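Novice: Just the structure for this:
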Amino acid sequence: MQIEELFNEIVAEVIPNFDELLVNKLMSYGNDELSRMVIYSIGGGKRIRPLILALVNRSLGQKEDILNAGFSIELMHSLSLIHDDVIDKEVSRRGSPPFYKTYGIDSSLLITDYIFGVVIDLINQYRMPELIDVLARTSISMSAGEFKELSLFREDRDVSIQEYMEVIINKTASLFGAAAKLGALLSALPSFADAAYEFGESLGIIYQIKDDMKDKGKVFNELINRLNREGQMALNEALESHYRRAMAHLEAFPNNKYRETLENITSTIFKA
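Specialist: Below you'll find the model as predicted:
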């Protein structure tokens, strides 16, 4: 089974009608034009981050409704893509023009402020400060990763595996880790929050390296094309190390079908 098919099948089972519910939530804020712009930005996504949140939550015993947390995570991802596309001057996103090509740079700056406001409102409805702390730290990490990547490109030189890993851990894996940690904090076993974060972070690293490998040598603005020879040789070792790490953290979770699904997703992404 292809990754896309796997995700679509599991999303339909675990978080059914997620897109419809997210659209309805966005429209409920009453800013129709801004909401339609946000809806454009989320079009075509795989929803893997809210899916990870939901699966971790179910595997540890569902205690709270996780939809608002799932919406928050997906909107954080959307916000980061709008920024990425402007910085990288992308010409396509998920088969459509990127947000800034459709609405302009000015609207891109404005809409990310609006999205972040919605994220904070959604997560604040739980009245759990630790959830806000997770998203705040994640936002800081993602910004640091984006800035580090931009700095490396400006230096116009090869980069080391350590620099490459710093970028993807902060820019991509931190949001995977946050998704898993939010799922744990909203579960019946919040003591698993740190282990959930470690699992999510490793899964995010695997996901990003595999995604970068597909673009290697094809897309000029991918950092993987700037890796020095030693870094290129170390990629498979990094993949295998984080695969073992992710699966080891999952082994501590209760043995149920949701943990098995997380293991299946992790193995599928690793072997892709």
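Novice: how many other residues sit next to the closest residue to residue 100 other than its chain neighbours?
Specialist: Among residues not flanking residue 100 along the chain, residue 108 sits closest, at 4.4 Å (Cβ to Cβ, 6 or more residues apart in numbering). To be clear about C-beta, it is placed using only N, CA and C from the backbone, and glycine gets the same treatment. The local packing of residue 108 (other Cβ atoms under 10 Å) involves 20 other residues.
Novice: Residue 108 against residue 86, yeah?
Specialist: Yes: counting by Cβ atoms under 8 Å, residue 108 touches residue 86, with 5.5 Å between them.
Novice: which residues are in contact with both of those two?
Specialist: Residues touching both residue 108 and residue 86 (Cβ atoms under 8 Å, 6 or more residues apart in numbering): residue 100.
Novice: Could I get the full set of helices for the protein?
Specialist: In the chain, the helices defined using DSSP state H lie at 3-14, 18-27, 32-42, 48-59, 67-88, 99-103, 105-124, 129-155, 161-168, 174-185, 193-215, 229-251, 257-271.
Novice: which of the ones you listed sits most buried?
Specialist: Mean neighbour count (mean count of other Cβ atoms under 10 Å) peaks for helix 174-185 among these, with a mean of 29.
Novice: in this protein, which ranges drop under the pLDDT threshold?
Specialist: Within the chain, the ranges that satisfy pLDDT under 70 run 1-2, 217-221.
Novice: any idea how far the residue nearest to residue 100 is from residue 171?
Specialist: Distance, residue 108 to residue 171, by Cβ to Cβ, to the nearest Å: 18 Å.
Novice: Please apply the same query to residue 139.
Specialist: Using Cβ to Cβ, residue 139 is found at 12 Å from residue 171.
Novice: got it, and residue 86?
Specialist: From residue 86 to residue 171 the distance is 15 Å (Cβ to Cβ).
Novice: With residue 189 instead?
Specialist: Look at residue 189 and residue 171: by Cβ to Cβ, they are 29 Å apart.
Novice: These two: who's more crowded?
Specialist: residue 171 (23 against 18).
Novice: Contact partners for residue 118?
Specialist: Here residue 118 is in contact with 26, 29, 38, 75 (Cβ under 8 Å, 6+ apart).
Novice: Residue 151: which of those is nearest?
Specialist: Looking at the contacts of residue 118 and their distance to residue 151, the nearest is residue 75, at 26.5 Å (Cβ to Cβ).
Novice: Tell me the spacing between that closest one and residue 265.
Specialist: Going from residue 75 to residue 265 by Cβ to Cβ gives 22 Å.
Novice: now residue 177
Specialist: For residue 177, the distance to residue 265 - Cβ to Cβ - is 15 Å.
Novice: just residue 210 next, same as before
Specialist: 12 Å.
Novice: Repeat that for residue 99.
Specialist: Here the criterion is Cβ to Cβ. By it, residue 99 lies 28 Å from residue 265.
Novice: cool, residue 224 as well?
Specialist: On the measure of Cβ to Cβ, residue 224 and residue 265 end up 22 Å apart.
Novice: wait, doesn't residue 3 sit right on residue 266?
Specialist: No: using Cβ under 8 Å, residue 3 is not in contact with residue 266; the gap is 11.6 Å.
Novice: what's the burial count for residue 125?
Specialist: Residues near residue 125, counting by other Cβ under 10 Å: 13.
Novice: residue contacts, residue 170?
Specialist: By Cβ under 8 Å, 6+ apart, residue 170 lies in contact with 141, 142, 144, 145, 148.
Novice: separation between the nearest residue to the first one once chain neighbours are set aside and residue 35?
Specialist: Counting by Cβ to Cβ, 6+ apart, residue 141 lies nearest to residue 174, which is 3.9 Å off, once chain neighbours are set aside. Distance from residue 174 to residue 35, counting by Cβ to Cβ: 27 Å.
Novice: Quick one: distance of stretch 153-163 to the chain centre.
Specialist: 23 Å (Cα atoms, centre = their mean, to the nearest Å).
Novice: end to end, how far does that stretch reach?
Specialist: Stretch 153-163 has an end-to-end distance of 12 Å (criterion: Cα to Cα, to the nearest Å).
Novice: and if you look at stretch 11-23?
Specialist: For stretch 11-23, the end-to-end distance is 16 Å (Cα to Cα).
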